[in-house]
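Asker: Test case, fold it:
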Amino acid sequence: MAPSYRIIYHLEGLALFDADNLDPWRAAERAAWVREIGLLLGIAESTIEGIEALAEEAARSLEGERIWVDPWRFKGYSPQAREDVVRRILVSKLRDKASLGKGGKVLRVFITEGVAIAGIMLASREKGFHLRRPRRRPFFKPGPLSPDLSRVMVNLSRPREGATFLDPFCGTGGFAIEAMMVGAGRIICGDLDMDMYRGSRVNLDTFTCGRCLVIGHNAARLPLGPNTVDSIATDPPYGRSTTTARMGYRRLMEEFLSSALEALAPGGYMVYAGPYSEEPARLGEEAGLRVLARIHMYVHSSLTRDIVVARKP
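Answerer: Numbering: from 1, shown residues only. Reported below is the predicted structural model:
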């Protein structure tokens with residue numbers, strides 16, 4: 001059964017979920033910007049008194065366990081609750097209830113937005129993102145997104161295990177690598193630029209992406225049959241270091257979205273980016289997609305990126 005969840009609170013640096021059937025290691029392995037997943041023990045005000053009460057509650061929950069204490073404070077919230085102060089409080093309350101030291105469960109206490117939240121770490125995210133940074137790949141060109149952001153966009157396209165994923169503007173292959181990492185079955189990527197086509201093949205071979213098919217193509221006219229792709233995530237050219245083959249972003253996207261909509265299976269998700277000023281979400285709606293979300297990301301003074309999450313009806 002697929003996991004279900006609802007967000008209870010979204011705080012600075014922290015989100016609380018009510019989740020059923022969630023495999024924490026699988027979720028952390030797939031996530032991009034989630035550093036850890038844990039089990040909530042309690043919430044209190046981030047005053048000294050509140051933290052002491054929270055520590056007593058944690059001690060009752062963890063009696064007889066081996067515990068390693070590690071508090072975090074985000075961006076200067078509650079300066080009286082410094083990490084060393086919180087650690088001393090936790091240790092004093094836990095000392096008679098639990099065995100303290102590395103090798104046991106990790107107790108986190110997060111200080112953020114006026115609250116202290118205690119929990120036990122269950123899983124931490126996949127460690128290899130830094131190994132897949134663009135400059136660490138054998139083939140590099142300026143402009144690719146980070147592995148973290150590439151993973152975010154791939155995840156938003158909901159690639160299922162065994163399904164077909166497409167990145168039609170593959171560049172150096174970052175989206176295809178992340179789709180492979182999260183378990184997409186068949187991965188198709190391509191680019192009009194033959195340097196990118198050849199270079200992405202080198203990068204994909206380096207990361208043993210054996211399920212990847214790399215093709216040289218014009219994304220405005222995809223060489224794919226109708227309803228043959230289950231999800232699409234892509235970063236079309238629009239920045240300072242990219243080229244749109246003299247078409248311009250708007251015309252390129254109009255032709256690409258029309259072609260991609262035909263290749264995408266009904267109910268399939270498409271995630272793509274573009275300059276905020278070019279209204280990429282409106283282009284998707286005009287092509288026939290149902291836009292579910294727009295995410296604005298400031299890049300520099302002349303570019304705010306819009307990430308569009310859409311679905312084929």
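Asker: Listing partners with orientation, what would you give for the helix or strand hosting Pro71?
Answerer: Applying DSSP states H and E as the criterion places Pro71 in strand 66-73. Its sheet considered, strand 66-73 pairs with strand 99-100 (parallel), strand 105-112 (parallel) by DSSP bridges.
Asker: Name the nearest residue to Ala53, ignoring sequence neighbours.
Answerer: In space, and not counting its chain neighbours, Ala53 is closest to Ala44: 5.4 Å by Cβ to Cβ, 6 or more residues apart in numbering. (C-beta placed from N, C-alpha, C; glycine too.)
Asker: can I assume the one you found sits in a strand?
Answerer: Yes. Per DSSP: H, G, I helix; E, B strand; the rest coil, Ala44 lies within a strand segment.
Asker: Make JSON lines from the strands paired with strand 66-73 and add distance to Ala293 to it.
Answerer: Formatted as JSON lines, those follow (distance: least, Cβ to Cβ, whole Å):
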{"stretch": "strand 99-100", "distance to Ala293": "44"}
{"stretch": "strand 105-112", "distance to Ala293": "25"}
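Asker: what residues go with each domain of the chain?
Answerer: The chain resolves into domains spanning 4-124, 128-311 when parsed by automatic domain parsing.
Asker: So what touches the helix or strand where Leu283 lies?
Answerer: Using DSSP H and E, Leu283 sits within helix 280-287. Helix 280-287 has contacts (Cβ atoms under 8 Å, 6 or more residues apart in numbering) with 250, 253-254, 257-258, 261, 270, 272-274, 291, 294, 306, 308, 310.
Asker: which of the residues in that helix are buried?
Answerer: Residues of helix 280-287 classed as buried: Pro280, Ala281, Leu283, Gly284, Ala287 (neighbour count, 16 or more other Cβ atoms under 10 Å).
Asker: In this protein, what residue spans correspond to helices?
Answerer: Using DSSP state H, the helices of the chain run over residues 24-30, 48-61, 83-94, 147-156, 174-181, 194-206, 249-263, 280-287.
Asker: looking at these, which is buried most?
Answerer: Mean neighbours per residue, mean count of other Cβ atoms under 10 Å, is largest over the helices of the chain for helix 174-181, with a mean of 28.
Asker: for the helices of the chain, which one sits closest to Gly114?
Answerer: Among those, the nearest to Gly114 by Cβ to Cβ is helix 48-61 (9.5 Å).
Asker: Restrict that closest one to CA atoms and write it as CSV.
Answerer: Output of helix 48-61 as CSV, limited to C-alpha atoms (Å, rounded to 0.1, in the frame of the first residue of the first chain):
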residue,chain,number,x,y,z
ILE,A,48,14.3,27.0,29.3
GLU,A,49,11.2,25.8,31.2
GLY,A,50,9.7,24.4,28.1
ILE,A,51,12.8,22.6,27.1
GLU,A,52,13.1,21.1,30.6
ALA,A,53,9.6,19.8,30.4
LEU,A,54,10.3,18.4,26.9
ALA,A,55,13.5,16.7,28.2
GLU,A,56,11.5,15.0,31.0
GLU,A,57,8.9,13.8,28.4
ALA,A,58,11.7,12.4,26.2
ALA,A,59,13.3,10.7,29.2
ARG,A,60,10.0,8.9,30.0
SER,A,61,9.7,7.7,26.4
